[in-house]
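Trainee: Generate a structure from the sequence data that follows.
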Amino acid sequence: MTHTARETVTIRNKLGLHARAATKLAKLSHQFDAKVSIVQGEQTVDASSVMCLLLLASGQGKVIDVVAEGPEAEDAVAAIAALIAARFDEDQ
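Mentor: Sure thing, here's the model as predicted:
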């Protein structure tokens, strides 16, 4: 049986999902035994790929879904949602 998890979050930091934020998200996604994707509208990208994340051009206020499949899906989604909620640990 495959474990799946999903959470809807809003990009809150001023610069959105820029290179530094995308790198943090991709590195975090690698820490879990789960395939993590980011969904924005009709686009779904691999959360472990910085380039794919940047192609979303997710700016401040964009709503995205964090989706994961695998044994650690729930932990992965929770950690990534927390990173996004914390504005990627940036000041703005």
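Trainee: Which elements pack onto the longest helix along the chain?
Mentor: When the chain is parsed with DSSP state H, its longest helix is helix 73-85. Here helix 73-85 is seen to pack against strand 4-10, helix 19-29, strand 35-40, strand 63-69 when contacts are counted using 3 or more CB pairs under 8 Å, 6 or more residues apart in numbering; DSSP states H and E. The C-beta positions use only the backbone N, C-alpha and C, and glycine is treated the same way.
Trainee: Export that helix to CSV, keeping only CA atoms.
Mentor: Coordinates of each C-alpha in helix 73-85 appear next as CSV, following Å, rounded to 0.1, in the frame of the first residue of the first chain:
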residue,chain,number,x,y,z
ALA,A,73,5.0,11.0,2.7
GLU,A,74,3.3,12.6,5.7
ASP,A,75,6.6,13.7,7.3
ALA,A,76,7.9,15.1,4.0
VAL,A,77,4.7,17.1,3.4
ALA,A,78,4.7,18.4,6.9
ALA,A,79,8.4,19.5,6.8
ILE,A,80,8.1,21.2,3.4
ALA,A,81,4.9,23.0,4.5
ALA,A,82,6.6,24.2,7.6
LEU,A,83,9.6,25.5,5.5
ILE,A,84,7.2,27.4,3.3
ALA,A,85,5.2,28.7,6.3
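Trainee: Report the inter-axis angle for that helix versus strand 63-69.
Mentor: Angle between the axes of helix 73-85 and strand 63-69 is 150 degrees (criterion: axes from the mean of the first three to the mean of the last three CA atoms, to 10 degrees).
Trainee: Tell me where the model's unsure across the protein.
Mentor: 1 (pLDDT under 70).
Trainee: What distance separates the opening and closing residues of stretch 56-74?
Mentor: 23 Å (CA to CA, to the nearest Å).
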